[in-house]
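I would like the atomic coordinates for the input below:
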Amino acid sequence: MAYELEGTLKEVFETKTFGKGFTKREFVITSSKGPDDRYPQHIKLTLIKDKVQVIDRFKPGQRLKVTFDIRGNESNGRYYVDLQAWKIETGDGGDGGGGSSHNRGGTFQEADPYEEEGGRGGGRDSRGGGRRPPRREYEEEDTRDFGGGRHDDMPF
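This is a model prediction of the structure:
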């Protein structure tokens, strides 16, 4: 499954070569919710093998859209996650230079499927899963007596 991330190129690291000619290059994209975001996220992604040169077309500070896969593995009882980039485009949908481009234009931010219009009745559950039920609105005060209380017309 492919994922997309839009943000600003922060840093590009040197290419590393491992045994048998395997190459790997890491770079960082800073993603934020807007210009006033107090906590921007710095996401490290990886390019491997023949894709390590793809990042050379771009400069730090440039707005990019990165398409990547999530890779996970286990080694000696420890688990690792790697975000493997395989396509990089400028924020306007171009690929930053020569080569083919899948120009989609416009914004890359998708609508939140849990958010409903009007700001009521939807949203994410505070525990992170599922949907929360719609907010209840009562037109009248509930005056039912469920027992266990005093019945002598005392207000307290």
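
And the contacts of stretch 37-47?
Under the contact criterion CB atoms under 8 Å, 6 or more residues apart in numbering, stretch 37-47 has outside partners 5, 7, 10, 24-32, 54-55, 66, 68, 82-86. (Glycine included, C-beta is placed from N, CA and C.)

Show me which of those are buried.
Buried members of the contacts of stretch 37-47, counted by 16 or more other CB atoms under 10 Å: 5, 7, 10, 24-30, 54-55, 66, 68, 82-83, 85.

all strands for this protein, in order.
In the chain, the strands defined using DSSP state E lie at 3-12, 16-17, 23-31, 41-48, 63-75, 78-90.

Same list, those strands, but as JSON lines with mean pLDDT please.
Formatted as JSON lines, these follow (pLDDT from 0 to 100):
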{"stretch": "strand 3-12", "mean pLDDT": "95"}
{"stretch": "strand 16-17", "mean pLDDT": "94"}
{"stretch": "strand 23-31", "mean pLDDT": "96"}
{"stretch": "strand 41-48", "mean pLDDT": "96"}
{"stretch": "strand 63-75", "mean pLDDT": "95"}
{"stretch": "strand 78-90", "mean pLDDT": "95"}
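
Other residues contacting stretch 7-25?
Applying CB under 8 Å, 6+ apart, the set of residues contacting stretch 7-25 is 26-32, 41-43, 46-49, 52, 55, 58-64, 66.
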